[in-house]
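# generate coordinates for the sequence data below:
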Amino acid sequence: MMKAIPYGRQNITDEDIKVVIETLKSDYLTQGPRIAEFESNFAQYVGSKYAVALANGTAALHLCTLALGVKKGDKVITTPITFAASANCVRYCGGEVVFSDIDPETYLLDINKVRTLLENAPKGTYKGIIPVDFAGRANDLEAFRALADEHNLWIIEDACHAPGGHFNNSKNEVQLCGNGNYADLAIFSFHPVKHIASGEGGMITTNDKALYEKLLQLRTHGIIKNNDAYTNSVEFAGGIEDYPGWYMEMQDLGYNYRITDFQAALGSSQLTRANEGIKRRREIASTYFSAFKDESFIKGQSRVVDGHAYHLYVIEVEDRLGLYNHLRSKNIYAQIHYIPCHLMPYYKQFGWKEGDFPHSENYYKRCISLPMYPTLTDVEQDYVIKEINLFYSEKH
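Predicted structure coming up:
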C-alpha cells in the first residue's frame with residue numbers, strides 16, 4: 001500500500017535545520033535579531049510597511065481586535081466557513097460575532113450579503129469585517145474597503161491560508177494578500193500545514209504605524225521602552241537627568257505572544273522557498289481540476305483561479321462520508337474544512353441555528369480537502385485521483 005498521504009504537511013530541508021541549529025547556538029533564543037529579520041523579510045514578501053511576528057495565528061487575531069479597540073457588545077462580521085479563531089478573536093474582547101453567508105462559487109464571504117446586513121441596520125451598528133482568504137483564494141479587498149468606508153468599518157484580512165496569493169484590483173494591479181493597501185491589518189499562520197512552517201507562529205502585517213506600535217506593545221505584556229512615552233518621572237524611575245537604562249513601563253494590559261528566535265529563523269529559511277512552493281501548489285491544483293472537471297460526481301471544486309495560493313484544494317461531492325472513509329482505507333488522509341462556525345455549540349448558544357446560512361451549510365455537507373503540499377509527488381497525486389474515481393465508478 002502507498003505510504004500515508006496527509007492533506008497537508010511541512011517541508012523541512014537541511015538548510016532549515018542548519019539555520020535553526022545556528023540560532024540555538026547563538027546568544028538569543030528569544031527577543032533576538034532573528035525575529036526582526038523574519039519580520040522584515042515577511043513584510044517585503046507581502047509588500048507591507050510593517051510586520052509583527054507572534055506565537056501563532058490566533059494570537060495575531062486576538063492582538064488585532066485588541067489594537068482596533070473591540071469591546072463588549074461591538075458587532076463584527078465574518079464568514080461561517082473558517083477556523084473558529086477568525087470569530088473567537090472578537091469574543092476574546094467581549095464583542096459579538098455576526099456571521100454572513102458565503103458565495104457558493106468562491107467559498108468566500110459574499111460581499112452582497114454583507115452589504116445587505118449593513119444597509120438593513122442603523123449606521124454604527126457594526127464595527128468591522130473579517131474577510132477570510134479561505135483555502136488560499138484572495139478576497140477582493142478593494143471592494144470590501146469601499147463598502148467598509150461607507151459604513152466607517154475597519155477590516156482585518158485573515159490571510160492564514162494565503163501568503164503569496166493575490167487579486168487584481170480595478171486598475172488590474174496585482175494586490176498581494178496582506179499588503180495593507182485595503183485592510184487595516186492582516187494576519188498569517190505558520191502552522192506546519194501552512195505554506196511557511198515554523199512549528200507554531202503567526203504574523204500581523206499593516207501599513208498603519210500607530211497600529212504597528214500598539215501591536216508591539218501588546219505582544220510583550222503591554223510594556224514599552226521609550227523615554228518619550230513614559231508617564232512616571234525620571235526621579236521615580238531612579239535616574240538623574242534621564243531615565244536609567246533598565247527602566248520600562250507597563251502601560252496597557254498585554255500578553256506574552258512572542259515567537260522565539262529559532263522559530264523565526266526557520267520561518268525566514270522557509271520564506272526563501274515560498275514562491276517555489278506556490279508554483280508547485282498551483283501545478284497540483286491544475287492537475288486536480290483537469291482530472292475532475294467533467295466528472296458527474298463533482299458538485300463544485302476550487303478550480304484554477306489566478307492568484308489562488310492553494311493552501312487547500314476542495315472538491316464538493318455526493319456521499320462525502322463514503323469517499324472520506326474509502327480514502328482513509330487507502331492511506332489517504334483527506335480532511336474537512338470547515339464545520340460551519342455558527343453551528344458550533346459555543347456559537348449556537350447565541351441563537352445561530354441550522355438554516356441561517358444555506359450556502360455555507362450546503363458546502364459543509366459535500367466538501368472534502370484533497371492532499372495539497374509542495375512535496376506531494378505526481379505518483380502520489382495520481383494515486384489520490386485514481387482512488388477517488390474508483391470509489392465513484394464502483395458505486396454506479
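# center of the protein - which residue?
Cys160 (1.6 Å; C-alpha atoms, centre = their mean).
# in the stretch 1-150 of the chain, which spans are strands?
Per DSSP state E, counting those that start in this stretch, the stretch 1-150 of the chain carries strands over the ranges 5-6, 50-54, 75-78, 96-99, 126-130.
# need those strands in a markdown table (columns: mean neighbour count and distance to Thr375).
No exception for glycine: its C-beta is placed from N, CA and C like everyone else's. As requested, the strands of the stretch 1-150 of the chain are exported to a markdown table (neighbours: other C-beta atoms under 10 Å; distance: least, C-beta to C-beta, whole Å):
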| stretch | mean neighbour count | distance to Thr375 |
| --- | --- | --- |
| strand 5-6 | 19 | 11 |
| strand 50-54 | 26 | 25 |
| strand 75-78 | 22 | 32 |
| strand 96-99 | 20 | 36 |
| strand 126-130 | 25 | 31 |
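# figure out which of the ones you listed is closest to Ile21.
Each of those was checked against Ile21 via C-beta to C-beta, and the shortest separation belongs to strand 50-54, namely 20.0 Å.
# show residues contacting that closest one.
Under the criterion C-beta atoms under 8 Å, 6 or more residues apart in numbering, residues 35, 38-40, 42-43, 60, 63, 180, 201-209, 212, 215-216, 219, 257-259, 264, 267 lie in contact with strand 50-54.
# go again with 7 Å.
Defining contact as C-beta atoms under 7 Å, 6 or more residues apart in numbering, one finds that strand 50-54 is touched by 35, 38-39, 42-43, 60, 63, 201-207, 212, 215-216, 219, 257, 259, 264.
# just the CA trace of that strand, in PDB.
Written as PDB, here are the backbone C-alpha positions of strand 50-54 (Å, rounded to 0.1, in the frame of the first residue of the first chain):
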ATOM      1  CA  TYR A  50       5.300  46.700   8.900                       C
ATOM      2  CA  ALA A  51       5.100  43.100  10.200                       C
ATOM      3  CA  VAL A  52       4.900  41.800  13.800                       C
ATOM      4  CA  ALA A  53       5.800  38.200  14.400                       C
ATOM      5  CA  LEU A  54       3.800  36.300  17.100                       C
END
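# list the contacts for Asp319?
Remark: with contacts taken as C-beta under 7 Å, 6+ apart, Asp319 is in contact with Lys395.
# related to what we said a few turns ago, just the buried residues of the contacts of strand 50-54.
35, 38-39, 42-43, 60, 63, 201-207, 212, 215, 219, 257, 259, 264 (16 or more other C-beta atoms under 10 Å).
# how close does Asp228 sit to Val317?
Applying C-beta to C-beta, to the nearest Å, the value for Asp228 to Val317 is 60 Å.
# the two: which is more packed in?
A side-by-side neighbour count of Asp228 and Val317, using other C-beta atoms under 10 Å, places Val317 first with 22 against 6.
# which residues does that one bridge with?
Each beta-bridge partner of Val317 is listed here: Ile298, as defined by DSSP bridges.
# what sits closest to the residue of the chain positioned farthest from its centre if chain neighbours are left out?
Among the C-alpha atoms of the chain, the one farthest from their average position, using C-alpha atoms, centre = their mean, is that of Ile240, at 47.8 Å. If the residues on either side of it in the chain are set aside, Ile240 comes closest to Val234, at 7.4 Å by C-beta to C-beta, 6 or more residues apart in numbering.
# didn't that neighbour look like it was pressed against Pro244?
No: here Val234 does not reach Pro244: they are 8.5 Å apart, not a contact under C-beta atoms under 7 Å.
# which residues of the chain fall in helices?
For the chain, the helices identified by DSSP state H occupy 14-24, 33-46, 57-67, 85-92, 111-119, 141-150, 209-219, 234-237, 261-271, 274-292, 320-329, 345-348, 358-366, 378-395, in order along the chain.
# figure out which of those is closest to Glu249.
With C-beta to C-beta as the criterion, Glu249 lies closest to helix 234-237 of the helices of the chain, at 8.6 Å.
# which ones are touching the spatially closest residue to Lys330 that is not a sequence neighbour?
Excluding its sequence neighbours, the residue lying closest to Lys330 (C-beta to C-beta, 6+ apart) is Glu387, at 5.0 Å. Contacts were defined as C-beta under 7 Å, 6+ apart; by that measure Glu387 touches His326, Leu327, Lys330, Ile332.
# got JSON lines for these, with distance to Cys341 and neighbour count too?
As requested, these are arranged in JSON lines below (distance: C-beta to C-beta, whole Å; neighbours: other C-beta atoms under 10 Å):
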{"residue": "His326", "distance to Cys341": "28", "neighbour count": "19"}
{"residue": "Leu327", "distance to Cys341": "25", "neighbour count": "21"}
{"residue": "Lys330", "distance to Cys341": "30", "neighbour count": "19"}
{"residue": "Ile332", "distance to Cys341": "26", "neighbour count": "22"}
